[in-house]
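1. Give me coordinates for this.
(chains A and B)
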2 protein chains.
Amino acid sequence: MIIRKAEKKDIPHIYNLVRELAVYEKEPEAVTATVDDYHRDFSDGIFKVIVAETEEGIVGMMLYFTAYSTWKGKMMYLDDFVVNEKYRRKGVGQKLYDEFLGICKEEGVRLAKWQVLDWNKPAIHFYEKNQTEIEGGWFNVKHYFNQ
Amino acid sequence: MIIRKAEKKDIPHIYNLVRELAVYEKEPEAVTATVDDYHRDFSDGIFKVIVAETEEGIVGMMLYFTAYSTWKGKMMYLDDFVVNEKYRRKGVGQKLYDEFLGICKEEGVRLAKWQVLDWNKPAIHFYEKNQTEIEGGWFNVKHYFNQ
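-> Residues are numbered from 1 along each chain as shown, chains lettered A, B, ... in the order given. Alright, predicted model coming up:
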């Protein structure tokens, strides 16, 4: 297995992993972005992706972008982090995660941030093992646009 | 009062408003980013700000950046939104918020997202009035870097 930065040809596989995670998170209908959106937005540099690849193809990915924390400064935001179900509990997630931390250090960010569903015990366990801070007490607020 | 895009000279006032909000949010020690960090990161285009200005100076601001939602596509992320205490309940927040929504439409984003503390009733009331979706059930996960 290799971990590498994603290229344009990987986008359909990345998109399928996003959909797989949305099913796991019990919101399969929530993915309204299309694979064409992903192609355009990836070309525009709005997000970056690292992928885990085996002989069978792309089996995991992390999608991230540069963001800002008014409290800490330059930040990396992670949305999403997915490993294909068949490949879980084999260290794929840890390899991706370690590569992601390396990129954060290279980029000089002070903080990496993401979210996890409060019932997603395996993910929470993974993040606890990895010296993160897990924080409740905040609501998400969303305003949708028809465009 | 006018609402306008921030310029370099506004950065110290923006920084002071961030610190004012951190005190209100009961975490005055959490702001470790410096005003020099803000100057550099603003020049690098990592974040943008709109400000509310009166004869007394900058009395409110919204700090935001382009982000990505794997489910919806191009997104605007808001962090922070502050009105100086003396100027609350005078419509300053609504004017800033309406300007922000206009920018989101211009930029063609599908979604604007931010967070609110679960005990911050006045802010939650404001967001409810403004047709947002307020969502619980998620933890924040943070990894800090010493850099």
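2. Against B:Tyr127, how distant is A:His13?
-> Applying CB to CB, to the nearest Å, the value for A:His13 to B:Tyr127 is 37 Å. In this view, the C-beta of every residue, glycine as well, is placed from N, C-alpha and C.
3. Which one of these two is surrounded by more residues?
-> B:Tyr127 (20 against 17; other CB atoms under 10 Å in any protein chain shown).
4. So in that sheet, which strands flank the longest strand along chain A, and in what orientation?
-> What stands out as the longest strand in chain A, according to DSSP state E, is strand A:57-69. According to DSSP bridges, strand A:57-69 forms sheet pairs with strand A:48-54 (antiparallel), strand A:73-83 (antiparallel).
5. buried stuff in the following helix or strand past the last one?
-> This means strand A:73-83. Counting by DSSP states H and E, the element after strand A:73-83 in chain order, helix or strand, is helix A:92-107. By 16 or more other CB atoms under 10 Å in any protein chain shown, the buried positions in helix A:92-107 come out as A:92-93, A:95-97, A:99-100, A:103-104.
6. Run through the residues you listed and flag the ones next to chain B.
-> Restricting these to those touching chain B (CB under 8 Å from any CB of the partner chain) yields A:Cys104.
7. related to what we said a few turns ago, report the angle between the longest strand of chain A and helix A:92-107.
-> Interaxial angle, strand A:57-69 versus helix A:92-107 (axes from the mean of the first three to the mean of the last three CA atoms, to 10 degrees): 40 degrees.
8. How many neighbouring residues does A:Ala30 have?
-> 14.
9. State the pLDDT value of it.
-> Note for A:Ala30: predicted pLDDT of 92.
10. For it, which residues are in contact?
-> A:22, B:71 (CB atoms under 8 Å, 6 or more residues apart in numbering or on different chains).
11. So which residue is smack in the middle of chain A?
-> Nearest to the mean C-alpha position of chain A, by CA atoms, centre = their mean, lies A:Asp80 at 2.4 Å.
12. roughly how far apart are that residue and A:Arg4?
-> From A:Asp80 to A:Arg4 the distance is 18 Å (CB to CB).
13. Give me the three-state assignment for A:Lys9.
-> Secondary structure state of A:Lys9, per DSSP: H, G, I helix; E, B strand; the rest coil, is helix.
14. That one - how many residues pack around it?
-> A:Lys9 has 8 nearby residues by other CB under 10 Å.
15. And for A:Glu55?
-> 6.
16. what pLDDT does it get?
-> 95.
17. Now do the phi/psi pair for it.
-> phi -60, psi -30 (degrees, to the nearest 10).
18. Look up how far A:Ile2 lies from it.
-> When A:Glu55 is compared with A:Ile2 (using CB to CB), they lie 11 Å apart.
19. Any stretches of chain A with poor pLDDT?
-> A:147 (pLDDT under 70).
20. Please name the nearest non-neighbouring residue to the residue nearest to the centre of chain A.
-> Distance criterion CB to CB, 6 or more residues apart in numbering or on different chains; nearest residue to A:Asp80, sequence neighbours excluded, is B:Thr70 at 4.9 Å.
21. who's in contact with the one you found?
-> Contacts for B:Thr70 (CB under 8 Å, 6+ apart) come out as A:18, A:21, A:31, A:33, A:63, A:79-80.
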